[in-house]
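[1] Take this sequence and fold it.
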Amino acid sequence: MTVSLAAKPRPRAPKGERTRESILHVAVNLASVEGLEGLTIGRLADELKMSKSGLFAHFGSKEELQLATVEAARQIFIEHVIRPAMAEPEGMPRLWALCDRWACHVERRVFTGGCFFTAASFEFDSRPGPVRDRIVDAMKNWLHILSDAVRRAQQIKHLPAGINPEQLAFEMYSLAIGSYWGHELFGDRKAFSKGRSMILGRLRALATPKCPPIAETAVAGRHVAIKTIPQLKKS
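    Reported below is the predicted structural model:
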């Protein structure tokens with residue numbers, strides 16, 4: 001069953017489950033730096049300074065660990081990107097918040113290695129199996145959330161009715177991934193600023209007279225409240 005990126009908060013988990021979640025926070029950061037394929041019980045045990053048998057009590061195989069790590073990354077993404085953006089007013093403000101929050105979570109290194117799902121998508125795009133399927137599910141949900149935000153902006157007449165929501169969502173995320181690529185591969189410090197400007201330019205060009213003004217700093221100014229997950233020590 002597909003789990004939406006906009007899932008509701010879960011009640012406080014028992015101690016054993018909280019321990020598992022703490023382990024997964026380390027696994028998520030490790031995978032974001034070294035890749036999901038390199039994430040093994042042994043490698044994680046070394047990072048945590050604990051026994052393999054202790055980890056096997058939580059994850060019975062490498063694949064089970066990888067799947068749990070993808071799911072943990074999805075929940076972190078929800079908390080840092082989706083949920084805060086959904087608190088913005090419907091229409092263009094929410095649509096822009098989704099894009100801006102995505103860029104902000106990468107800039108602030110919520111995941112040590114940058115964007116967990118962009119890296120995992122490229123790593124597993126040609127590797128069929130349950131891990132790839134889980135990544136695909138997460139990315140489809142994200143694009144669905146973006147396209148739904150476009151539809152709602154159309155319904156309240158912030159965007160014209162003739163726009164294809166799926167295509168616009170694809171365009172915006174393609175620009176976001178492009179800015180991430182430029183930042184990570186070329187070390188372009190202005191890459192995210194360029195990406196934001198291109199997305200804003202596209203949205204402003206499409207906006208109707210009923211759309212409220214879209215300010216580039218509308219959401220970014222409140223990002224100081226974002227808390228990152230524990231970071232890995234760089235060797």
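[2] Pull the residues that contact stretch 195-204.
    By Cβ atoms under 8 Å, 6 or more residues apart in numbering, the residues outside stretch 195-204 that reach it are 92, 95-96, 99-100, 103, 168, 171-172, 175-176, 178-180, 182, 214, 216. C-beta here means a position set from N, CA and C on the backbone, and glycine is covered the same way.
[3] Assign a three-state SS to residue 134, would you?
    When classified by DSSP: H, G, I helix; E, B strand; the rest coil, residue 134 comes out as helix.
[4] ok now do the closest residue to it other than its chain neighbours, which residues does it touch?
    Using Cβ to Cβ, 6 or more residues apart in numbering and skipping residues adjacent in sequence, the residue nearest residue 134 is residue 70, 4.7 Å away. By Cβ under 8 Å, 6+ apart, the residues touching residue 70 are 36, 120, 131, 134, 135, 138.
[5] check which helix or strand covers residue 70.
    Counting by DSSP states H and E, the secondary-structure element that holds residue 70 is helix 62-77.
[6] hmm, back to that, of the contacts of stretch 195-204, keep whichever come out buried.
    Neighbour-count burial (16 or more other Cβ atoms under 10 Å) applied to these gives 92, 95-96, 99-100, 103, 168, 172, 175-176, 179-180, 182, 214.
[7] Quick check: the farthest pair among those residues?
    92 and 182 (25.6 Å; Cβ to Cβ).
[8] Relative to residue 200, how far out is the residue nearest the centre of the chain?
    What sits nearest the mean C-alpha location of the chain, by Cα atoms, centre = their mean, is residue 77, with 4.3 Å. Using Cβ to Cβ, to the nearest Å, we find residue 77 at a distance of 22 Å from residue 200.
[9] Next: residue 67.
    36 Å.
[10] Could you list the low-confidence segments of the protein?
    1-16, 215-235 (pLDDT under 70).
[11] quick one, the helix or strand hosting residue 117 and helix 62-77 angle?
    Using DSSP H and E, residue 117 sits within helix 116-124. Helix 116-124 and helix 62-77 are oriented at 150 degrees to each other (axes from the mean of the first three to the mean of the last three Cα atoms, to 10 degrees).
[12] Show me where this structure has its helices.
    For the chain, the helices defined by DSSP state H cover 15-34, 41-48, 52-56, 62-77, 83-86, 92-107, 116-124, 130-155, 165-186, 191-206.
[13] Could you say which of these is packed most deeply?
    helix 92-107 (a mean of 24; mean count of other Cβ atoms under 10 Å).
[14] now it, how far from the centre of its chain.
    10 Å (Cα atoms, centre = their mean, to the nearest Å).
[15] Show me what that helix is packed up against.
    Helices and strands touching helix 92-107, as assessed by 3 or more Cβ pairs under 8 Å, 6 or more residues apart in numbering; DSSP states H and E, comprise helix 83-86, helix 130-155, helix 165-186, helix 191-206.
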